[in-house]
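Chemist: Sharing a sequence plus its predicted fold:
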Amino acid sequence: MASADLAARARQAYEGGRLRWALQIGWIVLALFAVSSVAVGPSPISAITAALLLLAATAMRWRGGTWTASVRAGLLAGLIPFTLLLVLKCGGGAFCALGGCMTHCARFCAFGGLAAGALLSTRARRHDARTTFLAGATLIATLTGLTSCFVGGLTGMAWMLLAALTATLPALALDLRRR
Amino acid sequence: MERQQRIDLQRSLCRLADGDRAAFRPVFDLAWPEVQRVAARMMRTAADADDAAQTALCKLFERASEFDPARDALAWIVGIASYECLTLRKKAARRREAAGAHDALGAIPDDARDPEAQAIAAELEAVALSVLGTLDPRDRDTLRAAILGDASAPAVAPATFRKRVERALVRLRAAWRDHGIG
């Protein structure tokens, strides 16, 4: 077999293997969706968010380099709003007894997003391609958070997204200025 | 492989594992001769070695994303190539064993004309039936399905079926030995 043919076959095998490797993140996404469904209740929004998260994380892991690193960091940061909202939901009785259930939800979403964004800004310092890292990680963190944050309604989701973006903006601006 | 080439391979494979497609060609150029060398050492014929090397190379690239940078790239490549060659050798041995059993059955002169050959055939058949009779009915069915290509082969996964055939053959050999044959 000619070397070119063999190289083409090897390349095809590499891409196939890489896609299978990238798809392994599906177990984590599935676990997050399962926890969210059990704790908060099954919801089409949660399912759509989980599907988007799987799609984005798989594509970024398949692409490699900084994109792959941003998936890990994004998932970790996204766990902050995810857990906060689960805590709110599980301790819903106590929080809601204070009144303004939805207001608490929106606050938790915003605080979670802010914490996630701040964590990602700190982590971005370790990477050369900071803009790429921040863009990828913020997307993954937002989708991870939204898998449970949908209980805060559209306001909660918007707050989380806004807070995450706000927290990453200084790091992004600094990186753009350096260039 | 020279020291510098080994370092280059380590770096390139780390980059490829991280998703850097530009490292594909260097890894290919450095790994292919090593894989060929392993296959040539482990396989019996040049044709088998070539087939094994190509299969091993594809398997290697399929698993490149799983490569741990803490490991030695050359050792990792040789490990995968050796495993693939061993698997292919086992497959070939299994094929030869099955073909051998089929040939042995075909060699029994069931339509022999001279009385001596007829007597030998009859004796062999009697012993074979006697030995087979000592086996478990499931083993008998498995061997019939494997050797004669019986259409009523049990509906199990190919790997499970191969394992059953392997075990039945072991028990058949033991039974032949008990009859003082083999």
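Modeler: Nice, I can see it. Residues are numbered from 1 along each chain as shown, chains lettered A, B, ... in the order given.

Chemist: which parts of chain B sit against chain A?
Modeler: B:16, B:18-21, B:24-25, B:28, B:32, B:50, B:54, B:57-66 (C-beta under 8 Å from any C-beta of the partner chain). Backbone N, C-alpha and C define where each C-beta goes, glycine included.

Chemist: Write a PyMOL command that selects only the buried members of those.
Modeler: The PyMOL command for the buried members of the residues of chain B next to chain A (criterion: 16 or more other C-beta atoms under 10 Å in any protein chain shown) is given here:
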select buried, chain B and resi 16+18+19+24+28+32+54+57+58+59+60+61+62+63+64+65
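
Chemist: which ones among the residues of chain B next to chain A are found in helices?
Modeler: B:16, B:24-25, B:28, B:32, B:50, B:54, B:57-62 (DSSP state H).

Chemist: What is the most widely separated pair among those?
Modeler: B:Leu16 and B:Asp50 (23.9 Å; C-beta to C-beta).

Chemist: what's near enough to touch A:Leu30?
Modeler: Applying C-beta atoms under 8 Å, 6 or more residues apart in numbering or on different chains to A:Leu30 gives the contacts A:Ala50.

Chemist: Revised request: answer the last question for A:Ala77.
Modeler: So A:Ala77 contacts A:Ala115, A:Ala116, A:Gly117, A:Leu119, A:Leu120, A:Arg123, A:Ala137, A:Ala141, A:Thr144 (C-beta under 8 Å, 6+ apart).

Chemist: Just the closest residue of chain B to chain A, please.
Modeler: At 1.2 Å from chain A, B:Gly19 is the closest residue in chain B, using C-beta to the nearest C-beta.

Chemist: separation between that residue and A:Ala50?
Modeler: 24 Å (C-beta to C-beta, to the nearest Å).

Chemist: low-confidence ranges in the chain?
Modeler: No chain specified, so I'll use chain A. A:1-2, A:90-103, A:149-157, A:179 (pLDDT under 70).

Chemist: my bad, chain B
Modeler: B:100-124, B:127, B:148-154, B:177-182.

Chemist: how many other residues sit next to the spatially closest residue to the residue of chain B closest to chain A that is not a sequence neighbour?
Modeler: Using C-beta to C-beta, 6 or more residues apart in numbering or on different chains and skipping residues adjacent in sequence, the residue nearest B:Gly19 is A:Gly64, 1.2 Å away. If you count neighbours by other C-beta atoms under 10 Å in any protein chain shown, A:Gly64 ends up with 19.

Chemist: Let's test this: what are the backbone torsions at A:Gly64?
Modeler: Per-residue torsions, A:Gly64: phi 90, psi -180 (degrees, to the nearest 10).

Chemist: all helices in chain B, in order from the N-terminus.
Modeler: Using DSSP H, helices in chain B cover B:3-17, B:24-42, B:46-62, B:73-107, B:115-134, B:137-148, B:158-178.

Chemist: OK, now which residue of chain A is nearest to chain B?
Modeler: Closest point on chain A to chain B, by C-beta to the nearest C-beta, is A:Gly64, at 1.2 Å.

Chemist: got the contact list for that residue?
Modeler: Here A:Gly64 is in contact with A:Arg18, B:Asp18, B:Gly19, B:Asp20, B:Arg21 (criterion: C-beta under 8 Å, 6+ apart).

Chemist: between those, which is nearest A:Ile28?
Modeler: Nearest to A:Ile28 among those, with distances taken as C-beta to C-beta, is A:Arg18, at 17.8 Å.

Chemist: Next one: the closest one from B:Phe161, what distance?
Modeler: Relative to B:Phe161, and taking C-beta to C-beta, A:Arg18 is found at 33 Å.

Chemist: With B:Ala46 instead?
Modeler: 32 Å.

Chemist: out of the two, which sits in the busier spot?
Modeler: B:Phe161 (16 against 10).

Chemist: for the nearest residue to B:Ala64 once chain neighbours are set aside, what are its contacts?
Modeler: Leaving aside its chain neighbours, B:Ala64 sits nearest to B:Leu16 (5.1 Å; criterion: C-beta to C-beta, 6+ apart). Contacts here follow C-beta under 8 Å, 6+ apart; on that basis B:Leu16 touches A:Tyr14, B:Ala23, B:Phe24, B:Val27, B:Ala64, B:Ser65, B:Phe67.

Chemist: So what's the residue count around the residue nearest to the second one when sequence neighbours are not counted?
Modeler: This points to B:Ala23. Nearest-residue entry for B:Ala23: B:Arg15, 3.8 Å, with adjacent residues in sequence omitted and distances by C-beta to C-beta, 6+ apart. By other C-beta under 10 Å, 19 other residues sit near B:Arg15.

Chemist: Verify the stated contact: B:Arg15 with B:Phe24.
Modeler: No - under the criterion of C-beta atoms under 8 Å, B:Arg15 makes no contact with B:Phe24, lying 9.3 Å away.

Chemist: residues making contact with stretch B:74-93?
Modeler: Counting by C-beta under 8 Å, 6+ apart, B:1, B:6, B:9-10, B:13, B:31, B:34-35, B:38-39, B:42-43, B:48, B:51-53, B:55-57, B:59-60, B:63, B:67 sit against stretch B:74-93.

Chemist: Buried among those residues? Need that as a selection in ChimeraX.
Modeler: Burial among these is assessed by 16+ other C-beta under 10 Å; the matching ChimeraX selection reads:
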select /B:9,10,13,31,34,35,38,39,42,43,48,51,52,53,55,56,57,59,60,63,67
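
Chemist: domains in chain B, as residue ranges please.
Modeler: The record, using automatic domain parsing to delimit domains, assigns chain B the ranges B:3-93, B:111-178.

Chemist: and among those domains, the most buried is which?
Modeler: Greatest average neighbour count among those goes to domain B:3-93 (a mean of 18), per mean count of other C-beta atoms under 10 Å in any protein chain shown.
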